[in-house]
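Q: my questions are about this predicted structure, shown below with the sequence.
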Amino acid sequence: MSDHNRLSVFKTYKLYVGGKFPRSESGRVYEVTDSKGKWLANAPQSSRKDARDAVVAARKAFGGWSGATAYNRGQVLYRVAEMLEGRRGQFVREVADAEGLSKSAAAEQVEATIDRWVWYAGWTDKIAQVLGGANPVAGPYFNLSSPEPTGVVAVVAPQESSFLGLVSVLAPVIATGNTAVVVASEKAPLPALSLAEVLATSDVPGGVVNILSGRTAEIAAPLAAHQDVNAIDLAGADGELAKELEIAAADNLKRVLRPQPVDHSRTPGTDRMAAFLETKTVWHPTGSLGASGSSY
Amino acid sequence: MTIEKRSAAFEYAPAPESRSVVDIAPSYGLFIDGEFVEAADGKVFKSISPATEEVLSEVARAGAEDVDRAVRAARAAFGKWSALPGSERAKYLFRIARIIQERSRELAVLETLDNGKPIRETRDADLPLVAAHFFYYAGWADKLEHAGFGAAPQPLGVAGQVIPWNFPLLMLAWKIAPALATGNTVVLKPAETTPLSALFFADICRQAGLPKGVVNILPGYGDAGAALVAHPDVNKVAFTGSTAVGKEIARTVAGTRKKLTLELGGKGANIVFDDAPLDQAVEGIVNGIFFNQGQVCCAGSRLLVQESVQDELLDSLKRRLSTLRLGDPLDKNTDIGAINSAEQLARITTLTEQGEAEGATRWSPACELPSAGYWFAPTLFTNVTQAHTVARDEIFGPVLSVLTFRTPDEAVAKANNTQYGLSAGIWSEKGSRILAVAGKLRAGVVWSNTFNKFDPASPFGGYKESGFGREGGRHGLEAYLDV
């Protein structure tokens, strides 16, 4: 074969914002290396402006995505899993490089990630039945509580688990109808940036997921302070940064999910979905005869 | 005889509730570890009746040292209390619910005296709901594994709770009932203008035989609340009050493991469509903004009326407001009682003056205000735009701002054009319209063809800057469980 003589084609990694693949507005990149320090690629080093653009895109996409039927969202998420399956090999290579894993260990991670995505795809049209329901109030009222997405969620992805960790925090956010601005793992952003290509070629509307790479602290700070971000998942922030971001998030009372030790290899519960859902309770008179003298 | 003369012949006679059913002591201590004690620094403050400015009692004022003492008592009590079988905790809560029912007339009068709200409301709304909350959460105590938070949900530990003055005993019930049902112990700080019913509740805990230290009550000011929230041995912070203080609390607990729930301000939109049953809508609007003198976080303080029915609705509304009776809160005929404090009255006055200065049109029915106490006449603002302060800021008083809209989309856009997201109302006879609009409103509680309804089985809480977490129902348990 002629492969040993052939010069390979490098990939220019780009951000994913509003369904498009821009370079960072700042024009900056930083070196991404594998676990042994070997150069892998130059990743875009996002700026505050990129973060703000991503929020605008996420807000724009929120109405359509949150208003889609849960069945439709489930179909779209499952389509992403189909695309992921087709690119298994690419992700195995990227995860192995990023995390210094053997090929078989990386393959396990990727398989678990795809399965995790499928798991969340199945949740879209069930979570409302689990978290919502009829309230038996003591009066002639029909009273129903249903969960609704909080809005735009900033996700600081886990630093160590570049793909399984990423999907474990992203999928619950969008499965429930939120839109997301993701800050990829600073050290290992390439699987996240490649996930963007999968999202773009599946049926996820542009802006539902926006992925930024760069310095976590630099990108997360403006997101935590942003008045049009409704919630923030601090999974990938260390103690000091998490505290700073939580203080900034108090300015518009963002919902905050604090960093906590999570074993991503275990099947998650519903708490990551519940963290970014509001409960809306709607009352209406029933006109029950006999109750407080009312009639229909 | 003209109609006016005939109605004059049927003037309401005063129907005052007797004060003799409540025995207010000249002074009260802090309730720590099952005992009434003085504040460490010996400080006291006076609780007065806002309707008459009469001093009702002198109350110990908690400081940081007292907070520490109360948290230590709650911590010491936590082990045993959380280890009790749920069925035993349930029985304590059932006992409390029953004693509240037995003493409800006494507590209603006390609450009216201390808060200034009409006896009609304390008797018919506050107290029945207080008892119902304890009754509801009592039943959860031995069924927590069925609440949807896993097979063995655990309590958090010591809950620090800070509550406001608008529904003193009801807010206490909302906070304490789920905390105790889930096995937490409690340090609660009532508001400085309304400490008395919480201290009577301490006596109910004593009557119920509740173990010492499980509930601790610390009357005091904001400094005591801040010390409680910041105390390193508090595991859970629950606050109901202003959005500004809520943000401060969120900053205080940042970087800690303390679980936080906040019930904050609101600027609820009450949307009246042209096909609404207008007479019912008028009653709902009145209830939405004049209930409890408008001192309600979920008050329908913005009336959004479809332009085509604006004149008709406003005529009816003004006619109805002219029949509201303002005065002695202990009179059973009174609709509008006193504003809770001089400070709150000043805030309402400032904001309404700003409304006039910005060009909105102010209207109040002919209304005689008592000479003593803190009073504010029911007030309407028309010619209001979304930029006006009276359409944006929470006034927390009997002040309604009227805006108009033409299409449902415009109504939704205007309703959602606020930093808050607590409540909203929809008035229409068309079911599909109600459901469509309810779906689009960013608010935690939506009342359609009704307003200001509450029930312990129904979750309550806001979107956006109205805070996070829900109180009431199964959802309300989450705030006090490690989930």
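A: Alright, I've got the coordinates. Numbers count the residues shown, from 1 in each chain, chains lettered A, B, ... in the order given.
Q: alpha carbons only for contacts and neighbour counts from here, please
A: Noted.
Q: quick one: the helices in the stretch 251-400 of chain B?
A: Using DSSP state H, counting those that start in this stretch, the helices of the stretch 251-400 of chain B run over residues B:278-290, B:310-321, B:342-357, B:389-392.
Q: now do the longest one: which elements does it pack against?
A: Spelled out, it's helix B:342-357. Using 3 or more Cα pairs under 8 Å, 6 or more residues apart in numbering or on different chains; DSSP states H and E as the contact test, the elements touching helix B:342-357 are helix B:389-392.
Q: quick one: residues contacting the spatially most central residue of chain A.
A: For chain A, the residue nearest the mean C-alpha position is A:Leu170 (2.3 Å; Cα atoms, centre = their mean). By Cα atoms under 8 Å, 6 or more residues apart in numbering or on different chains, the residues touching A:Leu170 are A:155, A:157, A:180, A:182.
Q: would you reformat these as CSV and include secondary structure and neighbour count?
A: Output for those, formatted as CSV (DSSP: H, G, I helix; E, B strand; the rest coil; neighbours: other Cα atoms under 10 Å in any protein chain shown):
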residue, secondary structure, neighbour count
A:Val155, strand, 28
A:Ala157, coil, 28
A:Ala180, strand, 30
A:Val182, strand, 28
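Q: pLDDT and distance to A:Ala128 added to those residues, as CSV?
A: Below are the contacts of A:Leu170 laid out as CSV (pLDDT from 0 to 100; distance: Cα to Cα, whole Å):
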residue, pLDDT, distance to A:Ala128
A:Val155, 98, 22
A:Ala157, 98, 25
A:Ala180, 99, 20
A:Val182, 98, 25
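Q: now, among these, which is nearest to B:Ile99?
A: A:Val155 (48.5 Å; Cα to Cα).
Q: partner residues bridging the closest one?
A: A:Val182, A:Asp233 (DSSP bridges).
Q: got it, and A:Tyr30?
A: A:Ala43.
Q: count the neighbours of it for me.
A: Residues within reach of A:Tyr30, counting by other Cα atoms under 10 Å in any protein chain shown, total 15.
Q: quick one: contacts for it?
A: A:42-45, A:214.
Q: which of those residues sits closest to chain B?
A: In terms of Cα to the nearest Cα, no member of those lies closer to chain B than A:Gly214, at 23.7 Å.
Q: neighbours of the nearest residue to that closest one once chain neighbours are set aside, just the number please.
A: Setting aside the residues directly before and after it, A:Gly214 is nearest to A:Gln45 in space (Cα to Cα, 6 or more residues apart in numbering or on different chains), at 4.0 Å. Using other Cα under 10 Å as the criterion, A:Gln45 is surrounded by 25 other residues.
Q: a markdown table for the contacts of A:Tyr30, including pLDDT?
A: Formatted as a markdown table, the contacts of A:Tyr30 follow (pLDDT from 0 to 100):
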| residue | pLDDT |
| --- | --- |
| A:Asn42 | 98 |
| A:Ala43 | 98 |
| A:Pro44 | 98 |
| A:Gln45 | 98 |
| A:Gly214 | 98 |
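Q: name the nearest of those relative to B:Ala173.
A: For the contacts of A:Tyr30, the closest approach to B:Ala173 (Cα to Cα) belongs to A:Gly214, at 48.4 Å.
Q: and that closest one, how far from A:Glu244?
A: A:Gly214 sits 18 Å away from A:Glu244, going by Cα to Cα, to the nearest Å.
Q: how about the residues of chain B by chain A?
A: B:247-248, B:250-252, B:254-255, B:438, B:443-450, B:455-465, B:467-468, B:470, B:473, B:483 (Cα under 8 Å from any Cα of the partner chain).
Q: put the buried members of those residues into a ChimeraX selection.
A: Per 16 or more other Cα atoms under 10 Å in any protein chain shown, the buried members of the residues of chain B next to chain A correspond to this ChimeraX selection:
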select /B:247,248,250,251,252,254,255,438,443,444,445,446,447,448,449,450,455,456,457,458,459,460,461,462,463,464,465,467,468,470,473
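Q: so which of the residues of chain B next to chain A sit within helices?
A: Members of those lying in helices (criterion: DSSP state H): B:247-248, B:250-252, B:438.
Q: tell me which two in those residues are the farthest apart.
A: Pairwise across those, and taking Cα to Cα, the largest span is found between B:Thr252 and B:Ala438, at 34.6 Å.
Q: list the contacts for B:Pro195?
A: Shown in contact with B:Pro195 (Cα under 8 Å, 6+ apart): B:47, B:59, B:168, B:219.
Q: output the residues you listed in a markdown table, with secondary structure and pLDDT appended to each entry.
A: Below are the contacts of B:Pro195 laid out as a markdown table (DSSP: H, G, I helix; E, B strand; the rest coil; pLDDT from 0 to 100):
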| residue | secondary structure | pLDDT |
| --- | --- | --- |
| B:Ser47 | strand | 98 |
| B:Val59 | strand | 98 |
| B:Pro168 | helix | 98 |
| B:Pro219 | coil | 98 |
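Q: okay, and the beta partners of the nearest residue to B:Arg75 once chain neighbours are set aside?
A: Nearest residue to B:Arg75, sequence neighbours excluded (Cα to Cα, 6+ apart): B:Val158, at 6.1 Å. Bridge pairing for B:Val158 (DSSP bridges) gives the partners B:Thr185.
Q: circling back: any idea how far the residue nearest to the centre of chain A lies from A:Arg59?
A: The value you get for A:Leu170 to A:Arg59, if Cα to Cα is used, is 16 Å.
Q: quick one: the residue of the stretch 101-250 of chain A found nearest chain B from B:Pro168, how far?
A: Scanning the stretch 101-250 of chain A for the residue nearest chain B gives A:Lys243, at 4.2 Å (criterion: Cα to the nearest Cα). Counting by Cα to Cα, the separation of A:Lys243 from B:Pro168 is 33 Å.
Q: B:Tyr463 now?
A: From B:Tyr463 over to B:Pro168 (counting by Cα to Cα), the distance is 23 Å.
Q: same check on B:Asp335?
A: B:Asp335 is 19 Å from B:Pro168, by Cα to Cα.
Q: kindly report the same for B:Ala269.
A: Applying Cα to Cα to B:Ala269 and B:Pro168 gives a distance of 25 Å.
Q: between the two, which is the more surrounded one?
A: For B:Ala269 versus B:Pro168, the count of surrounding residues by other Cα under 10 Å is larger for B:Ala269: 35 against 22.
Q: show residues contacting the helix or strand harbouring A:Glu278.
A: Taking DSSP states H and E as the definition, one finds A:Glu278 inside strand A:277-285. With contacts defined as Cα under 8 Å, 6+ apart, strand A:277-285 is touched by A:132, A:140-150, A:176, B:438, B:443-450, B:458-463, B:470.
Q: one more time with 6 Å, if that's ok
A: With contact meaning Cα atoms under 6 Å, 6 or more residues apart in numbering or on different chains, strand A:277-285 is reached by A:140-150, B:444-448.
Q: now the two most distant members of those.
A: A:Pro140 and A:Thr150 (30.0 Å).
Q: more neighbours: which of these two?
A: More crowded of A:Pro140 and A:Thr150, by other Cα under 10 Å: A:Thr150, with 27 against 20.
Q: can you report how many residues lie near A:Thr270?
A: Residues lying near A:Thr270 (other Cα under 10 Å) number 17.
Q: state the pLDDT value of it.
A: pLDDT for A:Thr270: 95.
Q: got a list of what it touches?
A: With contact set as Cα under 6 Å, 6+ apart, A:Thr270 has no partners.
Q: count the neighbours of B:Ala145 for me.
A: Rather than Ala, residue B:145 is Glu. 14.
Q: just give the nearest non-adjacent residue to it, would you?
A: B:Ala151 (4.8 Å).
Q: check contacts around B:Arg302.
A: B:268-269, B:401-402.
Q: and the closest residue in space to B:Trp363 that isn't next to it in sequence, how many neighbours?
A: Of all residues not flanking B:Trp363 in the chain, B:Leu380 sits nearest, at 5.1 Å (Cα to Cα, 6+ apart). Counted with other Cα under 10 Å, the neighbours of B:Leu380 add up to 23.
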